[in-house]
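Trainee: Just to be clear, the model below is a prediction. Sequence and coordinates:
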There are 2 protein chains.
Amino acid sequence: MITSHNGPQPADFTDVRATNLAVVLRFVRENAPCSRADIAASTGLNKATVSSLVADLIDRRLLRETGLTEHRVGRPATMLVLDGSPYAAIGIEVNVDYITAVAVDLKGEELLNWRRSFPGGTSGPGRAVVAMAALARRVVSRMTKEARQVLGLTVAVPGLVDVDGIVRVAPNLGWRDADLAGDLTKALRDPGFPVLVDNDANLAALAEHRFGPHRNAANLVYVTGEVGVGAGIVLDGRLRRGGQGYSGEIGHLQLDPAGPVCRCGRRGCLEAVAGVGAILAHTAPDASPSDLELEIDEVVRRARNEDREVLGLLENLGRHLGRGMAVVANLLNPEVVILGGYYVPLAPWLVGCAEEEMYGRVLAPGGGGCRLEVSTLGYGAAALGAAARVLDSVDSGRLPAQR
Amino acid sequence: MITSHNGPQPADFTDVRATNLAVVLRFVRENAPCSRADIAASTGLNKATVSSLVADLIDRRLLRETGLTEHRVGRPATMLVLDGSPYAAIGIEVNVDYITAVAVDLKGEELLNWRRSFPGGTSGPGRAVVAMAALARRVVSRMTKEARQVLGLTVAVPGLVDVDGIVRVAPNLGWRDADLAGDLTKALRDPGFPVLVDNDANLAALAEHRFGPHRNAANLVYVTGEVGVGAGIVLDGRLRRGGQGYSGEIGHLQLDPAGPVCRCGRRGCLEAVAGVGAILAHTAPDASPSDLELEIDEVVRRARNEDREVLGLLENLGRHLGRGMAVVANLLNPEVVILGGYYVPLAPWLVGCAEEEMYGRVLAPGGGGCRLEVSTLGYGAAALGAAARVLDSVDSGRLPAQR
């Protein structure tokens, strides 16, 4: 008898009932409409247990019954579907020049998507908290008008965030040791829902894993393409944060000790040779962070016109990116690496040479099956992922209280 | 309300009863002696369910009752402990110059540990299967005499093993596309227990995670220190293999494009500058693979005598190793990186400079809490991990049939 590596995984002890509630909830989301008998048959839970779990989920308005089916042998069964209309999950992203807010329902349908310009790069965490709280209050107020209960709020930050939600270092924002989760909770005067903070690349990876076209990939890595380069790592279907929450820091992977100087002081880091700054240093050396989008548009325009300088810069960037992604592919063997941020508009000139370089360097046959793809979720991936983070909490058994 | 990142994780649908059986089994292993009421209180399963699960586990002789306790309020409860004495898990490691077999009981107590010299580097997979089957039959026969049922057998191989147990490439053995699991199963004439094959670094990581002094670390990376360098990655308490099982390939992480030539044809790979070959190329350029252990002993002797050439080579190796481990720490943020194989005898001269180099390159404050440690499980870590892999299957709900 030969068995494969992947089988059922041991569950945590903490609360098997909560876990089982979440199992039923996820089963219905993926298989609705379905009956209690379907759930029992597929999960191995006995029928009495399933009935009790379903009753609980109906009480919490996470599931609802939707008539009978007659398309089967035996007596008709009452079918169940996801309810969740009375709920909302909020994601906020703060970055160098904007704050974004997104709200989604339990199914992940977008309820609102607001963007405000905000000088995150110069305002410090205090003013950012004030601005985020103001925005969050307006979102909550809108959700309340729609008779939705807010399940939680997550903030995406471009920086190192520890497992307690403290922003340890956010280089481009100039923040250090900011208790963003605590301060925002206070500013919202204990809003009655959890406030989380996480790294933007982590959350974008979560968005891809939940909503993106590669959501069936159990192992994916999302790479932010900004001046800084970071990664979010999903392995075996879940975000992997490491011991203190600092995983995914690939920006200062040193590709060439003889390369150009990086902001960190060393030479030839991935950021220095494959961040978008590696191009802008040549095409727009004096551009301010708020002009980034315009300057990238200009690079795209020149590339379309087959400007040889720009095409050369892009090919060089693509090759270095491919070298970096080979490290990711060799170490983690994901099904897909998804390029986000400014890599998206630049993709037509990057992906080919990056892939070629990556495949040449991956030890496993056929590159270990790893593909290089471009994000389709747009610049809002991190905020969407922040909302997805709240839905993940629900999936993990942190259900809203019965009302 | 602020909540941390880590909460209960969603379970798989596949078989909740199997998962719950495994939850109870693991709870008893970690908390024995304990009562059915203890299990119910800690897991959230109701008492009737716990009683049914415990009865099943007793039938399978995985648990047994052990008298009553009177040290509590209320009527005395029957206490449960792990049984498992009727079982054995077998691990086999095949390498360049030996085959090792280990057997452990359900608690991980070592039942036997045999080593045979074997020319793995020159014999091809066919002869290796014959030799492993002969050894495995003797182990099974010994276990049968002890009235133990064999739960499974795992083979550790230094190479890329896909999720179906096919050895895709094992450079030092010279193997390619060898269906080791299938061939060994045939050679054992369908032994009635599962035969698995996995990468040696993966299995050594599993051994560290289950039996080593850092077993409480949810995130650890094991690094093999041989002529080749590979890694096994445990994140959030479980081995992470990637999409096709090829994770952990750090040997050809290119640290210096201008460095010495590597066996792969590129320059400055981690293996070329931080594998033990980087030292032996200077101290024993003509040594054969089977002399490796002797030559490393000689390096240790010279280092003890403060031989300046050897001390310089070791420091250089340590620094390169630290650079490589900084990549691991930045990307994965483990609590600990454990150095195995020949890094162990060389550790007194390696770890200090490797750590210094690593900490200087990790972006997270305090190195993200990542320590560099030396394996205490010895050269048998992979074989022990192979046996642990079988126990992991049991933990994951693949329980032995009732007898």
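Mentor: Good, I have the coordinates. Residues are numbered from 1 along each chain as shown, chains lettered A, B, ... in the order given.

Trainee: A:Gly277 versus A:Ala89, what's the distance?
Mentor: As defined by C-beta to C-beta, to the nearest Å, A:Ala89 lies at a distance of 34 Å from A:Gly277. For glycine as for every other residue, the C-beta is placed from the backbone atoms N, C-alpha and C.

Trainee: neighbour-wise, which of the two wins?
Mentor: Legend: neighbour count by other C-beta atoms under 10 Å in any protein chain shown for A:Ala89 and A:Gly277, higher for A:Ala89 (29 against 24).

Trainee: Next up, identify which helix or strand the nearest residue to that one once chain neighbours are set aside is on.
Mentor: Nearest non-adjacent residue to A:Ala89, counting by C-beta to C-beta, 6 or more residues apart in numbering or on different chains: A:Val390, 3.6 Å away. A:Val390 is part of helix A:381-395 when elements are defined by DSSP states H and E.

Trainee: same check, this time on A:Leu321
Mentor: Here A:Leu321 is assigned to helix A:308-332, by DSSP H and E.

Trainee: do A:Val273 as well
Mentor: Take DSSP H and E as the rule and A:Val273 turns out to sit in helix A:270-274.

Trainee: can you count the residues close to the residue of the stretch 301-403 of chain A found nearest chain B?
Mentor: Of the stretch 301-403 of chain A, the residue with the smallest distance to chain B, taken as C-beta to the nearest C-beta, is A:Asn333 at 2.5 Å. A:Asn333: 28 surrounding residues under other C-beta under 10 Å.

Trainee: Same check on A:Arg302?
Mentor: For A:Arg302, the tally of surrounding residues (other C-beta under 10 Å) stands at 17.

Trainee: Now it: closest residue in space that isn't a chain neighbour?
Mentor: The spatial neighbour of A:Arg302 that comes closest, neighbours along the chain excluded (C-beta to C-beta, 6+ apart), is A:Val310 at 4.3 Å.

Trainee: wait, isn't the residue of the stretch 301-403 of chain A closest to chain B in contact with A:Leu363?
Mentor: No. Proximity of A:Asn333 to A:Leu363 does not meet the contact threshold set by C-beta atoms under 8 Å, at 9.8 Å.

Trainee: Which is the succeeding secondary structure element to the helix or strand of chain A with the lowest mean pLDDT?
Mentor: Averaged element by element with mean pLDDT, DSSP states H and E, chain A has its least confident helix or strand at strand A:63-69 (a mean of 84). Once the chain leaves strand A:63-69, the next helix or strand it forms, by DSSP H and E, is strand A:77-82.

Trainee: Need the per-residue pLDDT for the closest residue to chain B within the stretch 51-200 of chain A.
Mentor: Evaluated by C-beta to the nearest C-beta, the stretch 51-200 of chain A has A:Pro194 as its residue closest to chain B, separated by 4.5 Å. We have a pLDDT of 93 for A:Pro194.

Trainee: ok, the helix or strand just after the helix holding A:Leu321: who's next to it in the sheet?
Mentor: Beyond helix A:308-332 on the C-terminal side, the first helix or strand identified by DSSP H and E is strand A:336-339. Taking DSSP bridges as the criterion, strand A:336-339 pairs within the sheet with strand A:220-223 (parallel), strand A:371-374 (parallel).

Trainee: Quick check: which of these has the most neighbours on average?
Mentor: Across the strands paired with strand A:336-339, the average number of neighbours (mean count of other C-beta atoms under 10 Å in any protein chain shown) peaks for strand A:220-223, which reaches a mean of 30.

Trainee: Having no further points to raise, I will conclude here.
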